[in-house]
Every structure is written in structure tokens, then in C-alpha cells.
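Colleague: 3D, please:
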Amino acid sequence: MRILRALALLLLCPPALPISAPEPVPAPCCPLRHWVASWYGPGFEGRPMASTLTFWSWLPVVAHKTLPLGTLLRISRGGRSVLCIVLDRGPYITGRDVDLSRGVAAHLGLLRCGVGEVTVEITGEVPRAGWLDALDSLPLPAPLPVGV
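Modeller: Here you go, the predicted structure:
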């Protein structure tokens with residue numbers, strides 16, 4: 001009888017749970033995509049991007065035609081990867097899917113060939129107010145050693 005009474009009490013008056021801040025929602029899992037990438041930089045240094053921020057070729061920035069500005073991408077090639085943010089529009093050449101800043105292209109080994117296939121994973125999105133903070137927090141891409 002005591003057990004039934006305790007069970008009924010528990011069901012009718014469940015213990016109060018502590019209130020806490022909601023957990024951040026992780027980015028939805030997106031399939032890996034294989035895109036053709038090229039790089040840009042000469043002639044654009046110091047000029048405004050589509051995001052209105054200034055383009056500097058060493059930043060982890062990419063251009064895409066349709067992804068929302070502020071989209072975070074992990075771009076990989078040949079065992080190396082870099083976390084980038086979409087802050088510009090392009091490429092404007094048929095057959096290319098994404099334009100990489102010179103720094104990202106150097107990190108992935110695309111400077112010499114100019115164009116190559118990369119693997120892209122969408123990892124999240126940064127609201128407009130956080131674009132500068134995101135750029136500050138993303139590691140700068142390190143170029144490959146000479147001759148690699």
C-alpha cells in the first residue's frame with residue numbers, strides 16, 4: 001500500500017527539475033559534398049566583399065553563389081582541412097562551385113594548379129553580428145611547406 005501511495009504521489013506531483021539555460025542546438029548533419037574549387041585574391045585585396053567586410057587574402061574566407069553569408073564550412077583536400085566562413089559571392093566561372101581565399105587555397109595545396117576538387121561539409125552558421133568575431137576565432141590557414 002505504501003508503495004502504491006508513493007508511486008501515485010510521484011506521478012501526480014513529479015519533483016521540480018532545476019531550470020537551466022537551453023542547450024545550444026548543434027548544426028544539422030549535412031552530407032559531404034564534392035565541389036570544384038578555385039582561388040581568388042589578386043585585385044581584390046582590401047576591397048569590400050558581399051558581406052561588406054574587407055577582403056584580405058590570408059583570411060579563412062570563401063565565396064559561394066547561394067549559401068547564406070555567414071555559413072561555416074569545413075573544406076578538405078588531400079588529408080588537410082580548414083574551417084572557413086562564406087562572406088563573399090562567386091565564383092562566376094562555369095563549372096566552379098566555390099572560390100577560396102589565397103590563404104585557404106595555399107593550406108589545401110591549390111595555389112599552383114589553381115582549380116581542384118575539394119570535400120565540403122557545412123558545419124553551422126554565424127549570425128551577421130558575429131561575423132567579425134568568427135573571423136577572429138577561426139585559425140588562420142597555414143600554407144603547405146614549399147615543394148609539397
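
Colleague: Tell me where the model's unsure across this structure.
Modeller: Scanning the chain for pLDDT under 70 picks out 1-30, 143-148.

Colleague: quick one, longest strand in this protein?
Modeller: strand 115-125 (DSSP state E).

Colleague: Identify the residues contacting that one?
Modeller: By CB atoms under 8 Å, 6 or more residues apart in numbering, the residues outside strand 115-125 that reach it are 27, 30, 32-38, 67-68, 70-77, 83, 96, 98, 100, 108, 110. Placement of C-beta: from N, CA and C, glycine included.

Colleague: Among these, which lie within helices?
Modeller: residue 108 (DSSP state H).

Colleague: filter the contacts of strand 115-125 to the buried ones?
Modeller: With burial judged by 16 or more other CB atoms under 10 Å, the buried subset of those is 37-38, 67, 70-73, 75, 77, 83, 96, 98, 100, 108, 110.

Colleague: and which of those residues is nearest to residue 60?
Modeller: Ranked by distance to residue 60 (CB to CB), these are led by residue 83 at 6.5 Å.

Colleague: who's that closest one bridged to?
Modeller: Using DSSP bridges, the beta-bridge partners of residue 83 come out as residue 74.

Colleague: cool, residue 119 as well?
Modeller: residue 34, residue 76.

Colleague: Report how many residues lie close to it.
Modeller: Using other CB atoms under 10 Å, the number of residues around residue 119 comes to 15.

Colleague: how close does it get to residue 82?
Modeller: Using CB to CB, to the nearest Å, residue 119 is found at 12 Å from residue 82.

Colleague: what residues do the two have in common as contacts?
Modeller: Taking CB under 8 Å, 6+ apart as the criterion, residue 119 and residue 82 both touch 75, 76.

Colleague: just to revisit the earlier point, which other helices and strands contact the helix or strand following the longest strand of the chain?
Modeller: Next along the chain after strand 115-125, taking DSSP states H and E as the criterion, comes helix 131-137. Judged by 3 or more CB pairs under 8 Å, 6 or more residues apart in numbering; DSSP states H and E, the packing partners of helix 131-137 are strand 80-88.
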